[in-house]
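Student: Okay, structure incoming, though there's no sequence with it:
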Ligand code: MSP
């Protein structure tokens, strides 16, 4: 990305396409998701600020066995479950003022058509063939692993969950064909993968030799069907082909292609765990489709909690909404971007966050703002002129511009830590100028022109800082700009940052304190293990009438068998009295065998709408207690007539 990329009209502007990964809907957003989205939002805001024509995409990844099982475990129909969680992501990003231009869902009709068109195109050009596959499959990562990758283990090398041996007919993509082209791309485009040191991992991986990739599944049905022309409806398309295609389908691939011009300059921001999919599979798919490869694949590290990996079972998942509510959204954004060098893992601790807020923000930036407002009021009735700033502070102005001129490179290398560090050097130039030139002494010495020059220097530095900080801390920066009586926009960016124009004579307006210090507020550490609930949900008590909307009755299990191709599900026929029975798909296979259940009694929610779980109709739900990851059936303590109501 070049530094002189501004333009006069949107039409002639250089385009840039910024994407986040699309998030799985098997759970609500956590701090890792918020980090990727906030990073991408910052790059998008910056791009808009410097006048680029920016398209920013985020969304949700909704197909695959993992989602099907997550819905089943909650007794929900898969589509309604995906709608619910996707809605929660989209609401969170709205509440976080994320500036995405589009929110894509892989269940969108036009996305599905794009994926099918891509599949047909690859098939027609000979890159897809039919075969059969046997391998160790991890449902959670939706990935096959070779025996060598697993060693003597059955556990997934990526996420640690148990893999299972799956044998199925499959269509394959000729990944091996693209080995050389991918290696050539790594070599030619120095910064195609950021940080650059991540590239070596990919080179080694490709050099070991790429196996053709299984790109369809027959073991479950929640996914995009093959194009009709193939007349093979047993298969659904592999989630990663489906998911990666979102980047093109959002621009109109296979339809009107109306936004495809953005593709020329695409920046994918992702986490380190999904680099292989983006830096190997995705380029191969693009080469097969005849599209240019992405400009940058920027890979961030992972957030841990007090040194440990976050996971629901440990109960240490950080909910981004809780952090933003407790500490302020802009402060949270600042912390995420400032605390960890891009590409490295970082630890989320409230202590570190509070340190940043009270130190960098309150003592550094907030103090400068307060001093400018205070002195302008005390000595100049809020009216400041920049006319003597150059005369008395040429050196400080030059030093601040030397730093500012160098900042843009950090943004497109994702080095926000260094970007912010340098902005703080500029803030220090102003704070030091006040200490050194003591405007209060100048006033006593009857040199108001000099005192005014120092206040004007600081106000001008603050204005530049507000502009440059606005992609990271949009609200607070707008507040500083308001105090200095100007607006942050691409025009003021050109005027004050590129053309180095000083503010004219201006009136300072006192503002609400923008950088209050924070106390050590404890935020909840746990996200509820099963149902992802919003704040409204959590606050919502129910009435007895709400409770009695569910009919819960004693049932006797008459038949029980395992659902093939699922480790978690059992299919039960349950007698619920009055000659009625319910077919129920229950996620308890890990804890109960069919023999444990036949002729025993359970508690059944018998008036649930039917739902399809892995293609099988389920007409109720069995009640279980959840103890960590274990499910324990709730049963009457003595034999009870089937159909007896509970309540
Ligand atoms: N659906 C796929 C992406 C498909 S993109 C075509 C996926 N989804 S995800 O919801 O599991 O993860 C989304 C992003 O969140 C990934 O970039 C991942 O790295 C990031 N994070 C998940 N946990 C994280 C942390 N603890 N810390 C930082 N980011 C992490 O993968």
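Tutor: Thanks, I have the structure now. Quick caveat, the model's predicted, so the values are computed rather than measured. Numbers count the residues shown, from 1 in each chain.
Student: which secondary structure elements does the helix or strand containing residue 321 contact?
Tutor: In this assignment (DSSP states H and E), residue 321 forms part of helix 320-327. Applying 3 or more CB pairs under 8 Å, 6 or more residues apart in numbering; DSSP states H and E, we find helix 320-327 packed against helix 31-49, helix 78-95, helix 329-339, helix 350-356. Bear in mind the C-beta positions are built from the backbone N, C-alpha and C, glycine included.
Student: Got the phi and psi for residue 23?
Tutor: Here is the backbone geometry of residue 23 (degrees, to the nearest 10): phi -90, psi 140.
Student: Could you check how far it is from residue 105?
Tutor: Computed as CB to CB, to the nearest Å, the residue 23 to residue 105 distance reads 10 Å.
Student: residue contacts, the closest residue to residue 548 other than its chain neighbours?
Tutor: Nearest residue to residue 548 in three dimensions, chain neighbours excluded: residue 647, at 6.3 Å (CB to CB, 6 or more residues apart in numbering). Taking CB atoms under 8 Å, 6 or more residues apart in numbering, we find residue 647 in contact with 547-548, 552.
Student: Let's see which of the residues you listed end up in helices.
Tutor: residue 547 (DSSP state H).
Student: Just the buried residues out of the contacts of residue 647, in ChimeraX syntax.
Tutor: Buried residues within the contacts of residue 647, by 16 or more other CB atoms under 10 Å, are selected in ChimeraX with:
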select :552
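Student: tell me the least confident of the contacts of residue 647?
Tutor: Per-residue confidence across these is lowest for residue 548, with 76 (pLDDT).
Student: give me phi/psi at it?
Tutor: Dihedral angles for residue 548 - degrees, to the nearest 10 - are phi -80, psi 0.
Student: Pull up the gap between it and residue 462, please.
Tutor: Using CB to CB, one gets 61 Å for the distance from residue 548 to residue 462.
Student: Just give the number of residues close to residue 256.
Tutor: For residue 256, the neighbour count with other CB atoms under 10 Å is 10.
Student: do residue 79 as well
Tutor: Neighbour tally, residue 79, other CB under 10 Å: 15.
Student: ok, it - contacts?
Tutor: Listed by CB under 8 Å, 6+ apart, the contact partners of residue 79 are residue 107.
Student: again with residue 78
Tutor: Contacts of residue 78 by CB under 8 Å, 6+ apart are 67-68, 71-72, 222, 611-613.
Student: Apart from its chain neighbours, what residue comes closest to it?
Tutor: Residue 78 sits nearest to residue 71 (CB to CB, 6+ apart), 4.3 Å away.
Student: before we move on, what SS does the closest residue to residue 92 other than its chain neighbours have?
Tutor: Leaving aside its chain neighbours, residue 92 sits nearest to residue 29 (5.4 Å; criterion: CB to CB, 6+ apart). For residue 29, the secondary-structure state derived from DSSP: H, G, I helix; E, B strand; the rest coil is coil.
Student: Which residue is it, in the stretch 351-500 of the chain, that comes closest to the ligand?
Tutor: Going by CB to the nearest ligand atom, the ligand is nearest to residue 414 of the stretch 351-500 of the chain, at 13.3 Å.
Student: what do you get for the stretch 201-350 of the chain?
Tutor: For the stretch 201-350 of the chain, CB to the nearest ligand atom, closest residue to the ligand: residue 271, 1.6 Å.
Student: Would you agree residue 398 falls within a helix?
Tutor: Yes - checked against three-state DSSP, residue 398 lies within a helix.
Student: and it, how many neighbours?
Tutor: Neighbour tally, residue 398, other CB under 10 Å: 11.
Student: Other residues contacting the helix or strand encompassing residue 554?
Tutor: Element membership for residue 554 (DSSP H and E) is strand 552-562. Outside strand 552-562, the residues that touch it by CB under 8 Å, 6+ apart are 569-577, 581-582, 589, 594-595, 597-606, 620, 622-623, 636, 640-647.
Student: now the residues you listed: which count as buried?
Tutor: 569-577, 581-582, 589, 597, 601-606, 620, 622, 640, 642-643.
Student: Return only those of the contacts of residue 647 found close to the ligand.
Tutor: Residues of the contacts of residue 647 in contact with the ligand (CB under 6 Å from any ligand atom): none.
Student: shouldn't residue 229 be in contact with residue 119?
Tutor: No - shown here, residue 229 and residue 119 do not form a contact pair, counting by CB atoms under 8 Å, at 9.7 Å.
Student: Show me which of the two is the more surrounded one.
Tutor: residue 119 (26 against 11).
Student: Confirm that that one sits in a helix.
Tutor: Yes - the assignment for residue 119 by three-state DSSP puts it in a helix.
Student: Double-check it against residue 128; I have them as touching.
Tutor: Yes - using CB under 8 Å, residue 119 is in contact with residue 128, at 7.0 Å.
Student: Return every residue with contacts to both of the two.
Tutor: Joint contacts of residue 119 and residue 128 (CB under 8 Å, 6+ apart) are residue 215.
Student: next SSE after the helix or strand hosting residue 436?
Tutor: Following DSSP H and E, one finds residue 436 within helix 416-437. Per DSSP H and E, the first helix or strand lying C-terminal to helix 416-437 is helix 439-444.
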